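Novice: 3D, please:
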Amino acid sequence: MNLLLWNVLKKGDTFILGGRTYRFNYGKGMTINVTPSVGPPTIPSWFSQQLPLSFDLAMDIQRFRALIDSKFQFKRPKEEILEYINDYLYVDDFAANSIYEYFVEQYKYAQIPSNKKLLIEYYTGFGGRKFVVFHTLFGRKVNDALSRAVAYIVAKQYNMNVTVSISDNGFYLSADGKIGGLEAFKQLTPENFKFILLQALDKTETLASRFRHCAGRSLMTLRRYKGESKSVGRQQVRGKILLKYVQEMDDTFPILQEAREALEDYTDIDNALKVIENVYNESMTIKTINTVIPSPFAFNLISQRYLVFLTKMIKQSLLKECIKQY
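Specialist: Sure thing, here's the model as predicted:
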């Protein structure tokens, strides 16, 4: 199993591995206990070696969105907007028309998010499951930080398990009951954001894994003792026990601080803080919408939850057809 997948699993999460769906029960060392499950996974598929969108490039795309949105609001003709897209992006006529149609569908059905407008979309999926989609086109690392902080507040305040899925274009929270996504996001301020994010990260296996490496380098745990090598699983178990003891003893312990700093490899905390500051000082407004079906900008993000499961069902159907023929 991919170690990154294990680092984000919580009890009750489901994932697909080798075409089969499993439910995560618990982890011990480098071993996890799972049981077969059914239905769409709560953990999105992992894309190996896919570089995240940079924050600067994401902001340029956001500014382009704002320019196109203003042209729609001033009811500029299609020909003028297509010419502008051609000049701005240096694309051919076919690509320019595809971009235009994509934006005009979003504009007519919902709203176009931009660097000045953060759009939050409420959507009810199959079986009454609630989705709160944050149209935060800031890159995956920034969205990872934002989503963890918001999900932590929601889980703590409403005492519920929350499914989170992220991409470069945004993230969503999903649960069987009502989610106060906007209310949770508004609780984030420039003063408390880093603290809340650290509290959220402290609940993951990611910190435990990082702490094991840091503790090993500082000789708090030993890889070899009296000529015998300790397995990685045993090191992980002892590292988690030591981590819990350190957290209770001194939350500012140097090795613990080092492990937390290493978590910045996974999240872009500094640029996520800029987003919070822009919302806090009202240079970026928040707009909310309710949709019957996901808006064009949200459709791909939400559909990822079902894509792997549907692919699995299609493969099973094809296999059954082949067996019938023979």
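
Novice: what's the local residue count around residue 194?
Specialist: Residue 194 sits with 17 neighbouring residues when counted by other C-beta atoms under 10 Å. In this view, the C-beta of every residue, glycine as well, is placed from N, C-alpha and C.

Novice: with residue 158 instead?
Specialist: 16.

Novice: if I look at it, how far off is residue 126?
Specialist: As judged by C-beta to C-beta, to the nearest Å, residue 158 and residue 126 stand 21 Å apart.

Novice: same deal with residue 231?
Specialist: In terms of C-beta to C-beta, residue 231 sits 43 Å off from residue 126.

Novice: so which of these two has more stuff around it?
Specialist: Between residue 231 and residue 126, residue 231 has the larger neighbour count (other C-beta under 10 Å), namely 11 against 8.

Novice: could you list the low-pLDDT ranges of the stretch 201-326 of the chain?
Specialist: Along the stretch 201-326 of the chain, the parts satisfying pLDDT under 70 run over 203, 205, 232, 262-263, 305-326.

Novice: please save the CA atoms from stretch 184-195 in PDB.
Specialist: Extracted in PDB, the C-alpha atoms of stretch 184-195 (Å, rounded to 0.1, in the frame of the first residue of the first chain):
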ATOM      1  CA  ALA A 184     -16.200  26.700  10.000                       C
ATOM      2  CA  PHE A 185     -14.200  28.600   7.300                       C
ATOM      3  CA  LYS A 186     -15.100  32.000   8.900                       C
ATOM      4  CA  GLN A 187     -13.600  30.800  12.200                       C
ATOM      5  CA  LEU A 188     -10.200  30.800  10.600                       C
ATOM      6  CA  THR A 189      -8.300  34.000  11.300                       C
ATOM      7  CA  PRO A 190      -4.600  35.000  10.600                       C
ATOM      8  CA  GLU A 191      -4.000  34.600  14.300                       C
ATOM      9  CA  ASN A 192      -5.400  31.100  14.800                       C
ATOM     10  CA  PHE A 193      -4.900  29.500  11.400                       C
ATOM     11  CA  LYS A 194      -1.500  27.900  12.000                       C
ATOM     12  CA  PHE A 195      -2.500  26.700  15.400                       C
END
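
Novice: mind listing what's buried along that stretch?
Specialist: Residues of stretch 184-195 classed as buried by neighbour count (16 or more other C-beta atoms under 10 Å): 184, 185, 187, 188, 193, 194.

Novice: return the closest of those with respect to residue 293.
Specialist: Comparing the buried residues of stretch 184-195 against residue 293 with C-beta to C-beta places residue 185 closest, at 23.1 Å.
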